[in-house]
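Undergrad: build me a model from this:
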Amino acid sequence: MAVLCLGKNNYDIRMESFVGLEGKEETLVDFRGLRLIGRERFLNGSLFISIDMANDILIFTRFFTFENIGWVQSLYSLNGVPFCEFVENFLLPYADPAYAITNLPNTSSSYCPLSKGEYWIINGMTNTDKWVSYMKRGLIRLTLQFFKDGKSVGGLEIVGNIIDRIS
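TA: Predicted coordinates:
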């Protein structure tokens, strides 16, 4: 017998740090112009993309939780997911750009390809409503890297704190 839980989650995430990562030889996807601002820790600033983003860009992610011994890698990761698939299946559903003032597209068809240029975000936040119904409380870390022709061309690292939702 299988049981399916369709309950809503009861947690939020507070972004604790955001770091743009440089590429191995060159940084073509540059998040270093983004910062967390204010008590609410909203994401603000600009990101610069020096290439058109399409399926020749592969996404690799690593997800970590903070345990008593330090950062422990989770089973959740992505290994070489094409950019368009990443946008449609992960970025738009779980980091919905509708929760920010931005010039980034809000549909997957507008993302593929994503033209090179400068993109900005004002008061970006993460909405956890579409996340799994249970998430362990505490610190989490996500590292996301973009690869072109087998070489890292930039990325980002986010540390967040999963906290109980205040009703």
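Undergrad: per-residue confidence at A2?
TA: The per-residue pLDDT reported for A2 equals 44.
Undergrad: then M53?
TA: pLDDT recorded at M53 is 95.
Undergrad: burial of it, as a residue count?
TA: Neighbours of M53 under the rule other C-beta atoms under 10 Å: 22. From N, CA and C alone the C-beta is placed, and that goes for glycine too.
Undergrad: now do F146
TA: 25.
Undergrad: wait, it sits on I59?
TA: Yes. In terms of C-beta atoms under 8 Å, F146 counts as a neighbour of I59; the distance is 6.3 Å.
Undergrad: quickly list what's touching both of these two.
TA: When contacts are counted by C-beta atoms under 8 Å, 6 or more residues apart in numbering, F146 and I59 are jointly contacted by F83.
Undergrad: strands of the protein, start to end?
TA: Secondary structure of the chain, counting by DSSP state E: strands at 11-21, 29-30, 34-37, 42-49, 57-67, 70-82, 101-102, 117-124, 138-148, 151-164.
Undergrad: now the fourth one - C-alpha only, PDB.
TA: The C-alpha trace of strand 42-49 is given here as PDB (Å, rounded to 0.1, in the frame of the first residue of the first chain):
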ATOM      1  CA  PHE A  42      17.000  39.800  -0.400                       C
ATOM      2  CA  LEU A  43      19.200  39.100  -3.400                       C
ATOM      3  CA  ASN A  44      20.000  42.300  -5.300                       C
ATOM      4  CA  GLY A  45      22.400  43.300  -8.100                       C
ATOM      5  CA  SER A  46      23.500  42.200 -11.600                       C
ATOM      6  CA  LEU A  47      24.700  39.100 -13.200                       C
ATOM      7  CA  PHE A  48      26.700  39.100 -16.500                       C
ATOM      8  CA  ILE A  49      26.400  36.400 -19.100                       C
END
